[in-house]
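**Q** sharing a model that was predicted from the sequence below.
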Amino acid sequence: MPMPTKTPTGSGRAAGGHARAAKLTEQQRSASARKAAIAKVENKKLPLATHGSVDHPLVIGDVSIPCYVLEDGTRVLSQRGLIAGLGMSSGSTSSGDTRLVQFLANDAVSAFAKPEMLSTLRSPIKFMPPHGGRSAYGYPATVLADICEAVLAARQSQKLPSAYTGIAEQCEVLVRGFARVGIIALVDEATGYQKDRARDALAKILEAFVAKELQPYVRTFPTDYYEHMFRLRGLPYPPAKPQLRPQYFGMLTNDVVYERLAPGLLDELKKQAAKDEKKAHLHRRLTQEVGHPRLREHLASVVTVMKLSSAYPDFIQKLNRVHPRFNHTVPLDLEEADR
C-alpha cells in the first residue's frame with residue numbers, strides 16, 4: 001500500500017514554497033541554498049538607504065512614488081514606483097530592457113532626451129532599504145524630471161505617437177507638481193526657513209506630548225516592567241524591600257522609554273520637571289490626550305520585547321530594532337553593554 005504524500009502546511013506563498021521545495025532533488029536544494037548564501041553576501045555589499053519607506057512616498061498630485069536617501073546622500077526613486085507613476089506597466093521587453101527604456105529609446109522621444117538618460121535607466125541602483133528584507137532597485141531622483149522634459153518636448157514638436165498621449169499627460173501633471181514643490185523649497189532656502197522647519201515640527205510634537213501642568217499621579221508602569229527589568233539585570237525579584245529599586249533604574253528607564261517615545265521628549269520633560277518644587281515622576285508631565293496613551297502603548301511593546309530577551313544586552317539589541325532611539329547618542333552614563 002503506497003504511503004500517503006505529506007501535504008505542505010500553511011497557505012499562499014508558504015504552501016507554494018513547501019510544494020516547490022518538495023519537488024527539488026538533493027542537488028537542486030543544495031544549489032538553491034548556495035545561491036541564497038551568495039545573495040546574502042552580495043546584499044551586504046550594497047549601499048544602504050538611511051531614510052525612506054513605502055509608507056512615506058513622494059506624493060505629487062495623485063502620483064505616489066516610494067523614495068529613499070542612500071548613505072552617500074544619493075536621492076533615489078523606486079524603479080517600480082517611477083514606472084507606475086508615469087502610467088506605464090512594469091516588466092521587461094524581449095530585448096531585456098524595461099518598458100520605460102524601450103519607450104524612451106523610441107526615436108520620437110530619444111531625440112529630445114539627455115545623452116546619459118538611457119544609460120542611467122539601463123543601470124538602476126541596487127540598494128538595501130532601511131527596514132532590511134529584499135534588495136530594491138531605484139533611479140537617481142533627478143532622472144524623473146529629465147524623462148518628463150523629453151516626453152513633453154516630443155509632444156510639443158508633434159512627433160510623439162498618439163499611443164503615448166496618456167504618458168505625456170502624466171508627465172505634465174508631474175512637472176506642475178515639481179514647480180509647486182520647487183518654489184516652496186526655493187522660498188524656504190532664500191528666507192532661511194528650511195533651518196526652522198524641523199524645530200517647528202519638533203515643537204508641535206512636544207506640545208502634543210508634554211502637559212503644561214503636572215498631572216495627578218496614576219500608576220502607569222506595569223509590574224511586569226520591573227519584574228523583567230530585575231531579571232534582565234540579574235537581580236532577585238521581588239526585592240527585599242518592595243518599594244526599593246536600584247537608583248540606576250531611572251537612567252535605564254529614560255533610555256528604554258522616554259528616549260524612544262518622541263524626539264526631544266526626555267530633555268523637555270526634564271526641563272519642565274526642573275520647575276517643580278517637589279520631585280515628581282516624569283510621566284506626570286505627559287498629556288492625557290496623547291502622551292499617556294502613547295506611553296502605555298510603548299510600555300506594552302517594551303514588556304513584550306523584555307519577555308523575549310534572555311539578558312539585558314539581548315533586550316537592548318532587540319529594542320533597538322523595534323523602537324530605535326530618536327537621538328543617536330544616549331546622554332547617560334551607561335555601560336557599553338547597556339547601550
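**A** Nice, I can see it. Note that the coordinates shown come from a computational prediction; the quantities given were computed from them, not determined experimentally. Residues are numbered from 1 along each chain as shown.
**Q** give me the phi and psi for residue 286.
**A** The phi/psi pair for residue 286 (degrees, to the nearest 10) reads phi -90, psi 150.
**Q** tell me what it is bridged to.
**A** residue 210 (DSSP bridges).
**Q** that one touches residue 295, doesn't it?
**A** Yes. Residue 286 is within contact range of residue 295, at 5.9 Å (criterion: C-beta atoms under 8 Å). For glycine as for every other residue, the C-beta is placed from the backbone atoms N, C-alpha and C.
**Q** more neighbours, those two?
**A** Taking other C-beta atoms under 10 Å, residue 286 and residue 295 do not tie; residue 286 has more neighbours (25 against 21).
**Q** for the stretch 201-339 of the chain, what spans make up the helices?
**A** Secondary structure of the stretch 201-339 of the chain (DSSP state H, counting those that start in this stretch): helices located at 223-232, 249-253, 259-261, 265-273, 291-307, 312-322.
**Q** out of the ones you listed, nearest to residue 101?
**A** Minimum separation from residue 101 across the helices of the stretch 201-339 of the chain (C-beta to C-beta) falls at helix 312-322, 37.4 Å.
**Q** okay, buried residues for the closest one please.
**A** 312, 315, 316, 319 (16 or more other C-beta atoms under 10 Å).
**Q** nearest to residue 151 among those?
**A** residue 319 (48.1 Å).
**Q** now that closest one: closest residue in space that isn't a chain neighbour?
**A** Distances taken as C-beta to C-beta, 6 or more residues apart in numbering place residue 305 nearest to residue 319, at 5.3 Å, with adjacent residues excluded.
**Q** and the one you found, how many neighbours does it have?
**A** 20.
**Q** span of stretch 113-130 from start to end?
**A** 32 Å (C-alpha to C-alpha, to the nearest Å).
**Q** and the contacts of that stretch?
**A** Stretch 113-130 is touched from outside by 43, 46-53, 68, 70, 74, 76, 79, 97-98, 100-101, 104-105, 110, 135-140, 143, 146-147, 150, with contacts defined as C-beta atoms under 8 Å, 6 or more residues apart in numbering.
**Q** what's the closest non-adjacent residue to residue 131?
**A** residue 53 (6.4 Å).
**Q** let's verify the one you found: helix, strand, or coil?
**A** coil (DSSP: H, G, I helix; E, B strand; the rest coil).
**Q** which ones are touching it?
**A** Contacts of residue 53 by C-beta under 8 Å, 6+ apart are 66, 129, 130, 131.
**Q** residue 229 versus the last one, what's the distance?
**A** By that I understand residue 131. 28 Å (C-beta to C-beta, to the nearest Å).
**Q** and the pLDDT for the nearest residue in space to residue 296 that is not next to it in sequence?
**A** Excluding its sequence neighbours, the residue lying closest to residue 296 (C-beta to C-beta, 6+ apart) is residue 220, at 7.1 Å. pLDDT, residue 220: 86.
**Q** just the strands in the stretch 1-150 of the chain please.
**A** 49-51, 58-60, 63-65, 67-70, 75-78, 125-127, 136-140 (DSSP state E, counting those that start in this stretch).
**Q** what about the ones you listed, which gets the closest to residue 182?
**A** strand 58-60 (11.1 Å).
**Q** distance to residue 116 added to the strands of the stretch 1-150 of the chain, as CSV?
**A** Below are those laid out as CSV (distance: least, C-beta to C-beta, whole Å):
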stretch, distance to residue 116
strand 49-51, 23
strand 58-60, 22
strand 63-65, 21
strand 67-70, 19
strand 75-78, 16
strand 125-127, 14
strand 136-140, 10
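**Q** least reliable of these going by mean pLDDT?
**A** The lowest average pLDDT among these, as it happens, falls on strand 58-60, at a mean of 83.
**Q** show me what that one is packed up against.
**A** Helices and strands touching strand 58-60, by 3 or more C-beta pairs under 8 Å, 6 or more residues apart in numbering; DSSP states H and E, are helix 165-191.
**Q** now the helix it packs on: buried residues?
**A** Quick answer for helix 165-191 (16+ other C-beta under 10 Å): 167, 168, 170, 171, 174, 175, 177.
**Q** with stretch 301-309 instead?
**A** 302, 303, 305, 306, 309.
**Q** check stretch 109-125 too.
**A** Buried residues in stretch 109-125, counting neighbours by 16+ other C-beta under 10 Å, are found at 109, 112, 113, 117, 118, 120, 121, 124, 125.
**Q** verify the stated contact: residue 140 with residue 75.
**A** Yes. Using C-beta under 8 Å, residue 140 is in contact with residue 75, at 6.9 Å.
**Q** under the pLDDT cut-off, which ranges of the stretch 201-339 of the chain? List them.
**A** Within the stretch 201-339 of the chain, the ranges that satisfy pLDDT under 70 run 201-202, 277-278, 327-339.
**Q** residues contacting residue 283?
**A** Counting by C-beta under 8 Å, 6+ apart, residue 283 makes contact with 220, 221, 291, 292, 295.
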